[in-house]
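> Sharing a model that was predicted from the sequence below.
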Amino acid sequence: MTACESPSYVPALPRWERYKLTTRFLSRIPRGTFVILGLLVVTGLVHGLHMTVTPALVTTDDEGTYVAQAWAILHQGRLAHYTYWYDHPPLGWIQIAGWAWLTHAFERYDSAIAVGREFMLVMKLASVALMYVVSRRLGMNRFFASLAVLLFALTPLGLYYQRLTFLDNIAVTWLLAAFALALSPRHKTSAILASALCFGVAVLTKETILVIAPALIYQLLQATRNHTGRMARVLWFATLTFTGLFYVGMALIKHELLPGAGHVDLLTAIRWQLFDRASSGSIFDPTSAASVIAHSWVGLDPWVLGLGLIAALPALTVPRLRPVSLVLLIQVAFMLRPGGYLPQPYLIAMVPFAALVIAGVLHFLWDISSGDNARNQQRRKIPYTRVSYVEAAAKVPALALVVALVLTVAPVWEPRLRSLTTDDRNVSVRQFTEWMEHNVPTTRPDGRKVRIVVSDAMWVDLKQRGYDPDWYFKMDLDPEVQAKYPRGWQDVDYLIYTNELNETAKSESKQDMRTTLEARKHGTLVAQFGSQSESIWIYKVTG
């Protein structure tokens, strides 16, 4: 039997037939899939370029704290590397720990914070896809849905904070998922329940997301006006309540729900977060911490949040845009409350909804132009052959606004995006870890571990290199750490000082950091790396 007569032989299709089969296959894929893939590639590349070295790893202590807590889950079997005191729900860093466990991330990076930043990229890509879905379900066409995604993903303000390992970045992804499910066109009960579950996860990731609940509830009311709506709403609230009870139940099981001697408790932590925490002052007071934070946001990009706030008011008049506009306005009102605390990453949850409002209003103007043109055409009996020209002319105002937005924003974004995707702000950390390995042993001659007080940004890095560091913020607040330093600063061997620590010392109570400040006062500067905000100072303390 010849090869051609073999039953396993399949003659090749002609090239034209293969082309037709490929075209037919591709035509069955929704066009939105290709748009989403393109957006994911563009935003993923921009976000991923130099994400582990810019911003600097010593920019904020919060990154190190969340990564250290994730590390503790995997390596110590604890919810935190120190006493967990319910300052935030633990689900955020549990997700980071899950990613690190699945991908062996702590073994792949020299710097532990890079693990958190890698997970932020994963959440960013999920948020990009969800932003497109939410935009489309709000009635935007593909162009304006893509515009909303690009405003969210490429603004230097968003990109800077979206790279940092903040719980807010994780919570925003779950929040967008909750809105996407609440906007499900079929309004299935399963989608409503999934929306409640996603919102519950968002709140258990970052508790401040709870203030957005009224806007999501309003969206839910819009989506469940049929005869089954009442049951769907009841199930939504029940699911959300049940999800939130996991946090309360955890505290109850550990006997840490109510205040008592010798243990932390949930109610005290809530009271501290809501009432006892030091106020940031008013953003209208140029000397306040809130004003400094707001000006830092404006310095990165004044346009997305500014235009979002301007567009939020007219968006209230458009029923389909009203819920996302309420999200933005609620957050602004919460930010302006007297005596409140304004954290640096607060804007993270504002950026996606500002982008949605801007793109939504522009699309609404585009639709209005088309609608007015159709009515004028009917009244004036415009011939069919001239319809396309009249429609194009009617869209000129909306198109002009889009062009003006691009021409205004692009010159502001370009230098900042270039800096974020080309700068290396991690040189000082690499120099620091190399110096420590060559100049500081892990144990003293008497056999005990060298006692190092350090920022949480470098805690895991030193821990994985055999040292036994302590976070400066726990020296005077955690009895577990205080027991290791019976003589206070005199038991400290090395103090690793950063600009973040310096800024914290200005804003926190001196009593909360007295051991660290005394160690610096009695220490000798033996090495310094970096400059300005990336500076790292090493003090040898001789008690």
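It's in. Numbering: from 1, shown residues only.

> Tell me the confidence at the residue nearest to residue 324 when sequence neighbours are not counted?
Spatial nearest neighbour of residue 324, excluding adjacent residues (Cβ to Cβ, 6 or more residues apart in numbering): residue 356 at 4.7 Å. Every C-beta, even on glycine, is put in place using the N, C-alpha and C of the backbone. Model confidence at residue 356, given as pLDDT, is 98.

> residues contacting residue 356?
131, 134, 135, 138, 148, 152, 321, 324 (Cβ atoms under 8 Å, 6 or more residues apart in numbering).

> any idea how far residue 325 is from it?
9 Å (Cβ to Cβ, to the nearest Å).

> Kindly report the same for residue 512.
From residue 512 over to residue 325 (counting by Cβ to Cβ), the distance is 40 Å.

> Which residue of the two possesses the greater neighbour count?
residue 325 (25 against 15; other Cβ atoms under 10 Å).

> who touches that one in this structure?
So residue 325 contacts 311, 312, 313, 315, 316, 353, 357 (Cβ under 8 Å, 6+ apart).

> now swap in residue 179 and tell me
Counted by Cβ under 8 Å, 6+ apart, residue 179 has contacts 130, 134, 195, 216, 219, 323, 324.

> Tell me the secondary structure at it.
helix (DSSP: H, G, I helix; E, B strand; the rest coil).

> Begin at 103 from now on, thanks
That works, and once the first residue is 103, the last one we named lands at residue 281.

> State the distance from it to residue 454.
With Cβ to Cβ as the criterion, residue 281 and residue 454 are 9 Å apart.

> Also residue 340?
On the measure of Cβ to Cβ, residue 340 and residue 454 end up 27 Å apart.

> When those two are compared, which one has more neighbours?
residue 454 (31 against 12).

> for the more buried one, helix, strand, or coil?
helix.

> Help me confirm that it comes into contact with residue 237.
No - with contact defined as Cβ atoms under 8 Å, residue 454 does not count as touching residue 237 (10.1 Å).

> that older thread, pick the one among the contacts of residue 427 closest to residue 357.
Taking Cβ to Cβ as the measure, residue 357 sits nearest to residue 455 out of these, at 39.6 Å.

> helices or strands next to whichever strand or helix holds residue 506 in the packing?
Using DSSP states H and E, residue 506 falls within helix 498-524. Under the contact criterion of 3 or more Cβ pairs under 8 Å, 6 or more residues apart in numbering; DSSP states H and E, helix 498-524 touches helix 244-256, helix 258-265, helix 405-417, helix 453-482.

> Format the ones you listed as CSV; extra columns: distance to residue 541.
Formatted as CSV, the helices and strands packed on helix 498-524 follow (distance: least, Cβ to Cβ, whole Å):
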stretch, distance to residue 541
helix 244-256, 42
helix 258-265, 31
helix 405-417, 45
helix 453-482, 43
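
> Show me the one of those that comes nearest residue 314.
Between these, helix 453-482 lies closest to residue 314; by Cβ to Cβ that is 8.8 Å.

> Low-confidence ranges, the protein, go.
103-115, 117-131, 328-330, 472-496, 607-613, 645 (pLDDT under 70).

> what residues go with each domain of it?
129-463, 529-643 (automatic domain parsing).

> so which of those domains comes closest to residue 470?
It's domain 129-463; of the domains of the chain, that one is closest to residue 470 (Cβ to Cβ) at 10.0 Å.

> How far does the closest one sit from its chain's centre?
Distance of domain 129-463 from the chain centroid (Cα atoms, centre = their mean, to the nearest Å) equals 6 Å.

> next one: stretch 627-642
29 Å.

> Going by neighbour count, list what's buried in that stretch.
Neighbour-count burial for stretch 627-642 flags 629, 631, 632, 635, 636, 637, 638, 639, 640, 641 (criterion: 16 or more other Cβ atoms under 10 Å).

> ditto for stretch 166-180
In stretch 166-180, counting by 16+ other Cβ under 10 Å, buried: 166, 167, 168, 169, 170, 171, 172, 173, 174, 175.

> before we move on, what about stretch 186-204?
Neighbour-count burial for stretch 186-204 [16+ other Cβ under 10 Å]: 186-188, 190-195, 197-199, 201-202.

> so who does residue 394 touch?
No contacts exist for residue 394 under Cβ under 8 Å, 6+ apart.

> Can you tell me the element it falls in?
helix 391-402.

> Could you pull up the residues touching residue 632?
Residue 632 touches 158, 529, 530, 533, 638, counting by Cβ under 8 Å, 6+ apart.

> tell me the secondary structure for the first one?
Using three-state DSSP as the criterion, the local structure at residue 158 reads coil.

> Buried residues of stretch 596-609, list them for me.
Buried-residue list, stretch 596-609, by 16+ other Cβ under 10 Å: 596, 597, 598, 599, 600, 601, 602, 603, 606, 607.

> Filter these down to just the ones in strands.
Among the buried residues of stretch 596-609, the members falling in strands (DSSP state E) are 596, 597, 598, 599, 600.

> of all those residues, which comes closest to residue 392?
Once Cβ to Cβ is applied, the member of these that ends up nearest residue 392 is residue 600, at 22.9 Å.

> Kindly provide the distance from the closest one to residue 360.
Residue 600 sits 37 Å away from residue 360, going by Cβ to Cβ.

> do the same with residue 316
29 Å.

> Correct me if wrong: residue 616 contacts residue 578.
Yes - Residue 616 is within contact range of residue 578, at 5.8 Å (criterion: Cβ under 8 Å).

> List the contacts of residue 138.
Neighbours of residue 138 in contact, by Cβ under 8 Å, 6+ apart: 230, 231, 234.

> what about it, which helix or strand?
Assigned by DSSP H and E, residue 138 falls in helix 133-150.

> now residue 628
strand 625-631.

> Please compute how far that strand lies from its chain's middle.
34 Å.

> That one pairs with which strands, parallel or anti?
strand 638-643 (antiparallel) (DSSP bridges).

> Show me what the strand it pairs with is in contact with.
160, 530-531, 533-534, 537-538, 591-592, 594-600, 621-622, 624-632.

> Compare the domains of the chain and give me the one nearest residue 521.
Per Cβ to Cβ, nearest to residue 521 of the domains of the chain: domain 129-463, 7.5 Å.

> Confirm that residue 560 sits in a helix.
Yes - per three-state DSSP, residue 560 lies within a helix segment.

> my guess is it contacts residue 534, does it?
Yes - contact criterion Cβ under 8 Å: residue 560 and residue 534 qualify, at 7.1 Å.

> okay, and the common contacts of those two?
With Cβ under 8 Å, 6+ apart, residue 560 and residue 534 have common neighbours residue 598.

> Just want to know which of these two has more residues nearby.
More crowded of residue 560 and residue 534, by other Cβ under 10 Å: residue 560, with 28 against 25.

> ok, so what distance separates that one from residue 303?
30 Å.

> Same check on residue 260?
22 Å.

> For the two, work out which one has more neighbours and name it.
residue 260 (27 against 22).

> Tell me who's in contact with that one.
By Cβ under 8 Å, 6+ apart, the contact list for residue 260 reads 254, 403, 406, 450, 453.

> ok, the last one touching residue 256?
No - contact between residue 453 and residue 256 fails when scored by Cβ under 8 Å: they sit 10.8 Å apart.

> More neighbours: which of these two?
Using other Cβ under 10 Å as the criterion, residue 453 and residue 256 rank with residue 453 on top: 25 against 19.

> Quick check: closest non-adjacent residue to the more buried one.
Per Cβ to Cβ, 6+ apart, closest to residue 453 is residue 260, 4.4 Å.
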